[in-house]
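> My questions are about this predicted structure, shown below with the sequence.
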Amino acid sequence: MGVKPSQVADLLALKGDSIDNIPGAPGIGDKGARDLITRFGSVENALDHANEVERKMYRESLLNNRDQILLSKKLATIDTTVPIDCDVTTLVAAEPMLWRCGAFIKSWSSPACCARSVPLTIRTRAIIKRSRPP
C-alpha cells in the first residue's frame, strides 16, 4: 500500500474504500493519499496543514471535507478494545475432519468437478472416498 501498517487507516480515510463504504476525500485517489500520508504522517496532520498542499484539488478537498475525512478514518480503524468472551487456552489446532469435507464435496459436486477443483493427495482421496467418520 506504500505506507506503514499503522498508517493504513489514514490512507483509507483519504482514498476511501467502496467495498467497506468508506467515503474518503473527493478527488484524492491512491497515489495522492499515499503522498499526503507519506508527507504529513497522518490524516489529522494533513488536515492541520492543508494550506501547505501544493495541488489545488487535494488542498480544497482537505479544507472542504474535514468531517467526512475524519469519519472515514473512524470507519477504517479497527476497534481493538471490543470485549471478547473467550478462553484462549481452549483454542487449539486440530487435524481437519476430512471425512466431513468428503461428504460435503460428494453431496454438492460431481466427481469430475472434485478432481479439477480440489487438489488432493492419494491419502486424502481415500478418506474422501470413504466419506464417513473414522
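Ah, there it is.
> Quick check on the residue nearest to the spatial centre of the chain: phi, psi?
Residue closest to the average C-alpha location in the chain (CA atoms, centre = their mean): Asp20, at 8.8 Å. Backbone geometry at Asp20, expressed as degrees, to the nearest 10, gives phi -100, psi 10.
> How about Thr80?
Dihedral angles for Thr80 - degrees, to the nearest 10 - are phi -90, psi 10.
> Leu47 - how many residues pack around it?
20 (other CB atoms under 10 Å). C-beta: built from backbone N, CA, C; applies to glycine.
> On the three-state scheme, it is what?
Following DSSP: H, G, I helix; E, B strand; the rest coil, Leu47 is assigned to helix.
> distance of it from Ile84?
Using CB to CB, to the nearest Å, Leu47 is found at 33 Å from Ile84.
> likewise Glu44?
29 Å.
> okay, those two: which has more neighbours?
Glu44 (15 against 5).
> who's in contact with the more buried one?
Counting by CB atoms under 8 Å, 6 or more residues apart in numbering, Glu44 touches Leu70.
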